[in-house]
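Q: build me a model:
(chains A and B)
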Protein chains: 2
Amino acid sequence: MFVILVYDVNVKRVGRVLKTARKYLTWVQNSVLEGDISETNYKKLKTELLRIMKQDEDSFVFYTFQTQNYSKREEYGLKKGGEEQFL
Amino acid sequence: MFVILVYDVNVKRVGRVLKTARKYLTWVQNSVLEGDISETNYKKLKTELLRIMKQDEDSFVFYTFQTQNYSKREEYGLKKGGEEQFL
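A: I've put the predicted structure just below:
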């Protein structure tokens, strides 16, 4: 399944969230990751992130698609994702 | 076409970006909007947002899908989008 994850979390937890999410998905932009993962890994990812998050401060949105991939992705402006910029 | 827009812009431009994007899409979360729009409106939306954005400070990612809709969306934590919270 193809997954797009958008997060909005307290800066204190951004590092842990990114590190966890990047075990399963590819970082696209500051607050967005995506990837083709198994149902099992999707469940693991959610479990791990929900353990890290604070319900009253953080927010996650998961889009899941049974189709192989999105039709198109267009990016404009700063490239904040990617391997090379990850600390 | 179905569009998911994720933005990451300087706080000075968040209001204008949201106001513009919400003419075409529905606000889902702090930095995410989505909606089923025509090709023409998608072009208008991009043109308007690219006029507002600063290339060296802001970032937009547009996912477009020819399929009617995503399979599923799951949200966790704070609900930051929606009509009622828009100023």
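
Q: got the residues of chain A near chain B?
A: Proximity of chain A to chain B (C-beta under 8 Å from any C-beta of the partner chain) is limited to residues A:1, A:4, A:6, A:8, A:28-32, A:46, A:49-50, A:53-67, A:70-80. For every residue, glycine as well, the C-beta is placed using N, CA and C.

Q: and stretch A:33-53, what's buried?
A: Neighbour-count burial for stretch A:33-53 flags A:33-35, A:37, A:41-42, A:45-46, A:48-49, A:53 (criterion: 16 or more other C-beta atoms under 10 Å in any protein chain shown).

Q: repeat for stretch A:11-19
A: Under 16+ other C-beta under 10 Å, the buried positions of stretch A:11-19 are A:13, A:17-18.

Q: any idea of the mean pLDDT for it?
A: Averaging pLDDT along stretch A:11-19 yields 94.

Q: apart from its chain neighbours, what residue comes closest to residue A:36?
A: Residue nearest to residue A:36 in three dimensions, not counting chain neighbours: residue A:2, with 5.3 Å by C-beta to C-beta, 6 or more residues apart in numbering or on different chains.

Q: output the below-cut-off pLDDT ranges for chain A.
A: Filtered on pLDDT under 70, chain A yields the residue ranges A:67-71, A:79-87.

Q: quick check: helices, which of the buried residues of stretch A:11-19 are part of them?
A: A:13, A:17-18 (DSSP state H).

Q: rebuild those as JSON lines, extending it with distance to residue B:22.
A: Below are these laid out as JSON lines (distance: C-beta to C-beta, whole Å):
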{"residue": "A:13", "distance to residue B:22": "28"}
{"residue": "A:17", "distance to residue B:22": "27"}
{"residue": "A:18", "distance to residue B:22": "28"}
